[in-house]
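Participant: predicted model and sequence below, questions to follow.
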Amino acid sequence: MTDLYEQDPLMVEETIEDWVITKCEDWRDYYESNYEARFEEYYRLWRGIWDPADSERRSERSRIISPALQQAVESNVAELEEATFGRGKWFDVSDNFGDSQKEDVLFLRNKLTEDFENCMIRKSVAECLINAAVFGTGIGEIVIEEVKEMAPATQPIMDGDLQAVGVNVTDRVKVKLKPVLPQNFLIDPVATSVEDALGVAIDEFVSLHQVELLQEQGVYRDVYVGPAAPDTDLEPDQDITIYNDDKVRLTKYYGLVPRELLDSALSEEDEEAVPEEGFKTKYVEAVVVVANGGILLKAEANPYMMEDRPVVAFPWDVVPGRFWGRGVCEKGYNSQKALDTELRARIDALSLTIHPMMAIDATRLPRGAKPEVRPGKMILTNGDPREVLQPFNFGQVSQITFAQAGALQQMVQQATGAVDSAGIAGSVNGEATAAGISMSLGAIIKRHKRTLINFQQSFLIPFVKKAAHRYMQFDPESYPVADYKFNASSTLGIIAREYEVTQLVQLLQTMGKDSPLYNTLIQSVVDNMNLSNREELLAALAQASQPNPQQQQMAQAAQQAQMAFQQSQTAALSAQAQESQARAAKLAAEAQAVPQELEIDKINAITRNLKEGDAEDKEFERRMKVAETLLKEKQIEGKTNVNGPRTTPAAAESQPRIQQPMGAPRPFGTPTGGTQ
């Protein structure tokens, strides 16, 4: 296939090391013009190092530097470091969805944690956090080293009769994180991240023996490398005497390079190498190492299986459109400079008001006299000393400078979001209400959380991911090769945890111990505390919250007995209800049967002793009329007794009675006798 580009005639005589060094020099010129002076001043303010360029007045004599900015840097870094590593487990690994075998995930997490501890990754990450807080951007290089691990061991000899004590040596691959200072890092000026840049370079001094050891191992080309020329711009601390012997200036470039230059460098190293045929692009991802600005030590295509660059970086606070971020020193720079000027002016004024000064008439002093003031000194004068000598001062220093210094220190804390042991005056140290304290701490915690999320997504998780991929590539026997997802386990910082504990304690005071949420809140309080035996307390609380098996069985038995008793009561009540229903049905049936029986008795009484013949019908009709008449009289009498007043028995007896003919039947009973 044809290429997408034509060969550049200017590259015919150019080598890959010349191309890399040219790019790096252009990038360094951009850095020195825009960032170098500012970063050096941030470094001095953080370290408390005075420089004549930091003076705001020509007459300034004091060199004091307030520790406000130092405290702000350390407080912010400690908060992020505690939030990241305070719980022990600072990252987690998750497998693909639907995988029921979780053993490989647990093994990978435990193995990575162990190797990170051996390589002191936490220390390196903390240094990157310091660099980010001071300079605005934290940068780290992922370095792969092949080391020999030695462990004491024994081996049986002489058929097992003796034990030989020795050392087992094992070749291991270790992935380390190397912090990089801003003056040692070069990047494409138009890039905003490591991934979208043309390339990045790490330009620093290393010991000569490190280069020679890598040459012996075959990592670098076997060429002569001498000591490098001194360059103070690359030194970590430019205020100390620089050691210039046995140092090599090593420029490691990671990024895109022209393919023809890389092919040319590879063909020079290996004459039998045959260029690849087929589709080719103009640029190829490569790793190029140059010593002392012109000696090529290494040039190869990206050797990593994910073809990623072994550099991670994050800004403390993002500046739109720029790679370099905004750190704590930049946020508190103006307040710190004003505070230093105030303190130095006060100290200079104190030197004029406290130290004794004398106004002397020089014409009346003996020849050769030294007008010094010190205890026990004799001053000779020509005439009355009261006329020759007179104490002199410039007045008193105004007390308002104390209030101004305190206000400026508060401005530093407000600009950086740092809280010291005394707290922000009027907000956190007890001079405000609980609501005011919550609002102040809430604003501070939000700023820390914002930086923490930026650090996790841009630095921590990419580093863990790249380190795991390198272990999978160069040590596949120890690491399972699969596609894993890495998550940060960072939690709240120390300030946020203390604030959350306060809120939980206030919530506990609103409920009793018998509440179902009480034990859960107690566990949350202990979980947020920075205690040495926190895990033991959590285990004890979890065990205490579980019921006793014997008590649980007794409670179940009591509950079953209560249920049986309730069921028996329910059955008894149901039986009583059924009995009542049956009795009501019986009474209803009897009530329906009584009128029928009365009617039957009535008919029996009327038809009793009737003779056959025509007289029988007439007698029957007569008896029916008499019975009906008696019934009507009884009904009328009953209504009269109910509605009228009560009468005495004598009055009742005086009432006339209806004479009943002989042989007439009784209305509601059997006949009492008589003749037919």
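Facilitator: Here it is on my side, so go on. On a predicted model such as this, the values are computed, not experimentally measured, just so you know.

Participant: can you list the buried residues in the host helix or strand of Ser264?
Facilitator: Per DSSP states H and E, Ser264 falls inside helix 259-269. Buried residues in helix 259-269, counted by 16 or more other C-beta atoms under 10 Å: Arg259, Glu260, Leu261, Leu262, Asp263, Ser264, Ala265, Leu266. The C-beta positions use only the backbone N, C-alpha and C, and glycine is treated the same way.

Participant: so which of those residues comes closest to Pro310?
Facilitator: Distance to Pro310, by C-beta to C-beta, is smallest for Leu262 among these, at 17.8 Å.

Participant: so what pLDDT did the closest one get?
Facilitator: With respect to pLDDT, Leu262 has a value of 90.

Participant: I figured it hits Trp19, correct?
Facilitator: No: the criterion here is C-beta atoms under 8 Å, and Leu262 misses it with Trp19 at 9.8 Å.

Participant: hang on, the earlier thing: give me the next element, helix or strand, following the helix holding Ser264.
Facilitator: strand 283-291.

Participant: what about that following strand, distance to the chain center?
Facilitator: Distance of strand 283-291 from its chain centroid, counting by C-alpha atoms, centre = their mean, to the nearest Å, is 39 Å.

Participant: equivalent analysis for stretch 318-329, please.
Facilitator: For stretch 318-329, the distance to the chain centre is 23 Å (C-alpha atoms, centre = their mean).

Participant: end to end on stretch 284-298, go ahead and measure it.
Facilitator: Start-to-end span of stretch 284-298 (C-alpha to C-alpha, to the nearest Å) is 15 Å.

Participant: which other helices and strands does the helix holding Ser264 contact?
Facilitator: With contacts taken as 3 or more C-beta pairs under 8 Å, 6 or more residues apart in numbering; DSSP states H and E, helix 259-269 sits against helix 16-34, strand 283-291, strand 295-301.

Participant: just put these in a markdown table and tack on distance to Leu198 and mean pLDDT.
Facilitator: Formatted as a markdown table, these follow (distance: least, C-beta to C-beta, whole Å; pLDDT from 0 to 100):
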| stretch | distance to Leu198 | mean pLDDT |
| --- | --- | --- |
| helix 16-34 | 8 | 94 |
| strand 283-291 | 8 | 94 |
| strand 295-301 | 16 | 92 |
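
Participant: from these, which stretch is densest packed?
Facilitator: A comparison of the helices and strands packed on helix 259-269 by mean neighbour count, using mean count of other C-beta atoms under 10 Å, puts strand 283-291 on top with a mean of 21.

Participant: for it, which strands pair with it and how are they oriented?
Facilitator: Strand pairing for strand 283-291, determined by DSSP bridges: strand 247-258 (antiparallel), strand 295-301 (antiparallel).

Participant: distance to Pro230 for these - can I get that in JSON lines?
Facilitator: Formatted as JSON lines, those follow (distance: least, C-beta to C-beta, whole Å):
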{"stretch": "strand 247-258", "distance to Pro230": "8"}
{"stretch": "strand 295-301", "distance to Pro230": "17"}
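
Participant: out of those strands, flag the one nearest Ser351.
Facilitator: strand 247-258 (44.0 Å).

Participant: how far does the closest one sit from its chain's centre?
Facilitator: In terms of C-alpha atoms, centre = their mean, the centre of strand 247-258 is found 38 Å from the chain centre.

Participant: all the strands of the stretch 351-500 of the chain, in order from the start?
Facilitator: Remark: strands assigned in the stretch 351-500 of the chain by DSSP state E, counting those that start in this stretch are 357-360, 389-392, 485-488.

Participant: okay, the second one in CSV with CA atoms only?
Facilitator: Written as CSV, here are the backbone C-alpha positions of strand 389-392 (Å, rounded to 0.1, in the frame of the first residue of the first chain):
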residue,chain,number,x,y,z
LEU,A,389,24.3,63.4,75.0
GLN,A,390,20.6,62.9,74.5
PRO,A,391,18.5,59.7,74.1
PHE,A,392,16.7,59.6,70.8
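
Participant: all numbers from here: first residue = 845
Facilitator: From this message on, residue numbering opens at 845, which makes the last subject strand 1233-1236.

Participant: average pLDDT across it?
Facilitator: Strand 1233-1236 comes out at a mean pLDDT of 80.

Participant: so how far is it from its chain's centroid?
Facilitator: Relative to the chain's own centre, strand 1233-1236 is displaced by 67 Å; criterion: C-alpha atoms, centre = their mean.

Participant: same deal with the last one?
Facilitator: Going by C-alpha atoms, centre = their mean, the spacing between the C-alpha centre of strand 1329-1332 and its chain's C-alpha centre is 14 Å.

Participant: which elements pack onto it?
Facilitator: So strand 1329-1332, by 3+ C-beta pairs under 8 Å, 6+ apart, packs with strand 935-938, helix 1305-1318.

Participant: then the first one?
Facilitator: Using 3+ C-beta pairs under 8 Å, 6+ apart as the contact test, the elements touching strand 1201-1204 are strand 1233-1236.

Participant: let me see the ranges of the helices in the stretch 895-1044 of the chain.
Facilitator: 912-929, 947-962, 965-979 (DSSP state H, counting those that start in this stretch).
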